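[1] Requesting a structural model of the entry that follows:
(one chain, ligands or ions: 1)
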Amino acid sequence: MESARKRIKPILRILRRVYPRSRTALAFENPLQILVATILSAQCTDERVNSLTPALFKKYRTAADFASADRAELEAAIRPTGFFRNKAKSIIGASGKIVAEFGGRVPGTMAELLTLPGVARKTANIVLSSAFGRAEGIAVDVHVARLAGRLGLSREKVPEKIERDLLAVVPRRDWLDFNFMLVNHGRAVCRARKPLCSECPLRALCPSAGKIETPRPKTSAGLRSRT
Ligand code: SF4
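    As a prediction, this is how the structure comes out:
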């Protein structure tokens, strides 16, 4: 990790220059809305989540509204985001606990957020940073996991272990924006299938520059050979 410690400052400097206003792309107006939007964003694009949350947040305005939602109705409303049954269960469960134990207000600490059903560190980190401007960790989603590996900041595969490695090298003052900068970079340049290394402003600092192999498309001959 010594090399990661040396490279992290220039990496952060470049990321801040290229993505100066890195914030979540999820639309929200209060802590409850970002909590629900983040739950919905699992395995789904922010754009799709944003396309249905205005109507959702008009119908369900408070944690009590979500807690007492008709399960089938809520599932139908969030169905386009995928995994809608699990997501509805998490939203209703988390809202019920917010009503029962936190006076209807989304709690503002990692420890309290982690007691909510369906809320793990990634969701809690996004709620804390987006709604409370508080960084108690770094949210590790698919983009952060991929870029942490490619940039040589972590060799781990499990989000909790990747986060532990990142917290050890990224200065605390940068925790708040780190997820959003890597997400932006992962979408714009360091894409999963075809990273644009030749155009990447981080290439001089990245041990994976030009070394990521793009998976070959499956040909009919290739498919036949496995049958
Ligand atoms: Fe990703 Fe390539 Fe940039 Fe490294 S150089 S961060 S692998 S796009």
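[2] Show me which residues of the protein sit near the ligand.
    150-151, 189-190, 195-197, 200, 202-203, 206, 208-209, 212 (CB under 6 Å from any ligand atom). For glycine as for every other residue, the C-beta is placed from the backbone atoms N, C-alpha and C.
[3] which of the residues you listed count as buried?
    Among the residues of the chain next to the ligand, the ones that count as buried by 16 or more other CB atoms under 10 Å are 150-151, 189-190, 195, 197, 200, 202, 206, 208-209, 212.
[4] Which member of these is positioned nearest Ala64?
    The shortest approach to Ala64 among these belongs to Cys190, at 41.8 Å (CB to CB).
[5] Name the SS class of that closest one, please.
    Put simply, Cys190 is coil when judged by DSSP: H, G, I helix; E, B strand; the rest coil.
[6] where's the nearest residue to it once chain neighbours are set aside, which helix or strand?
    Spatial nearest neighbour of Cys190, excluding adjacent residues (CB to CB, 6 or more residues apart in numbering): Leu147 at 5.5 Å. In this assignment (DSSP states H and E), Leu147 forms part of helix 142-150.
[7] Name the residue closest to the centre of the protein, please.
    Residue closest to the mean C-alpha point of the chain, counted by CA atoms, centre = their mean, is Asp141 at 4.2 Å.
[8] For the closest residue to that one other than its chain neighbours, give me its contacts.
    The shortest distance from Asp141 to any non-neighbouring residue, by CB to CB, 6+ apart, is to Lys122 (5.8 Å). Going by CB atoms under 8 Å, 6 or more residues apart in numbering, Lys122 touches 38, 139-141, 159.
[9] Neighbour-wise, which one of those leads?
    Ala139 (29 neighbours; other CB atoms under 10 Å).
[10] Was I right to think it contacts Val127?
    No. Contact criterion CB atoms under 8 Å: Ala139 and Val127 do not qualify, at 9.4 Å.
[11] For the residue nearest to the centre of the chain, give its distance to the ligand.
    16 Å (CB to the nearest ligand atom, to the nearest Å).
[12] returning to that earlier point: what's the farthest-apart pair in the contacts of Lys122?
    Thr38 and Pro159 (14.2 Å).
[13] hmm, back to that, ok, the residue nearest to the centre of the chain - contacts?
    Contact analysis of Asp141 by CB under 8 Å, 6+ apart lists 122, 179, 183.
[14] try Ala124
    110, 113-114, 136-137.
[15] my guess is Leu15 meets His185, correct?
    Yes. The pair Leu15 / His185 is scored as a contact, 6.4 Å apart, by CB under 8 Å.
[16] Need the overlap of contacts for the two.
    Counting by CB under 8 Å, 6+ apart, the residues touching both Leu15 and His185 are Leu202.
[17] Looking at the two now, which is surrounded by more residues?
    Each of Leu15 and His185 has its neighbours counted (other CB under 10 Å); His185 has more, 25 against 22.
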